[in-house]
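>>> What follows is a predicted structure for the sequence shown.
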Amino acid sequence: MDNKPSKIKRPSWDEFWFTLALFYSTRGTCDRLRAACLLVDRNNRLVGAGYNGSLPGHPHCDEVGHLMVDGHCIRTLHAEVNAILHSTADLEGATAYVLGTPCIDCVKKLISKSVKRILFTRDYDNKARGGEHIFELAEISGVEMKRVDMDFDEVINKELDILTGPGGAFQGKNTSFKIKENNSKEGNYEG
């Protein structure tokens, strides 16, 4: 009898980092865009993470409303900026995993820190402030920048299968994790 365990289909690195970014974005304090950015070095080590959030000790958009200037909320630091500020290593050659299209200022900051890949999962309209030039800046700098079509429902279900399977954190537990259906483009998850 073959006692070999069945091979588990682990998430790809991109799936793994984007899932982590998705959960990281839940700490965001501005409901105009719950964003996150993870900075990952060439060896697939997390070296920086950030979400859209107010300055330490300042009120949050979710509590007091938005601080709007020219149609943009300026109360928070962008996820990419927080990730750079809180990075723990040199970012040369790193990949930025971003949930929404980065704005032109964040693209310039990531390029300035020698990030070589900028991947994002959903479109966010930044064209009013020069966002139509982000791909051009990336190309001139030799930076790969692209939108990744990520089916978060599928990826999270795959990860939940692993977590509830042999050796998983929820093995043998009666869990009720499931993806809740809704009519919006964003998924709601319950556990």
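Nice, thanks for sending it over.

>>> quick one: least confident helix or strand in this structure?
Least confident element among the helices and strands of the chain, by mean pLDDT, DSSP states H and E: strand 188-190 (a mean of 39).

>>> got a list of what the residue most central in space within the chain touches?
Central residue of the chain (Cα atoms, centre = their mean): Ala21, 3.2 Å from the mean position. By Cβ atoms under 8 Å, 6 or more residues apart in numbering, the contact list for Ala21 reads 36-38, 49, 97-99. C-beta coordinates here come from the backbone N, C-alpha and C atoms, glycine included.

>>> next one: Leu39
So Leu39 contacts 46-49, 83-84, 87, 91, 94-97, 115 (Cβ under 8 Å, 6+ apart).

>>> Not counting its neighbours along the chain, what's nearest it?
Once flanking residues are discounted, Leu39 sits nearest to Gly48: 3.4 Å by Cβ to Cβ, 6 or more residues apart in numbering.

>>> Kindly report the same for Ile8.
Ile162 (5.8 Å).

>>> so which strand or helix has the one you found?
helix 152-164 (DSSP states H and E).

>>> for that helix, packing partners?
If you count contacts as 3 or more Cβ pairs under 8 Å, 6 or more residues apart in numbering; DSSP states H and E, helix 152-164 packs onto helix 13-24, strand 178-180.

>>> CSV please, covering those and showing mean pLDDT and distance to Val107.
CSV is the format used below for the helices and strands packed on helix 152-164 (pLDDT from 0 to 100; distance: least, Cβ to Cβ, whole Å):
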stretch, mean pLDDT, distance to Val107
helix 13-24, 96, 17
strand 178-180, 60, 32
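
>>> Check the ones you listed for me and report the most buried one.
helix 13-24 (a mean of 19; mean count of other Cβ atoms under 10 Å).

>>> any idea how far it is from the chain center?
Relative to the centre of its chain, helix 13-24 is centred 6 Å away, using Cα atoms, centre = their mean, to the nearest Å.
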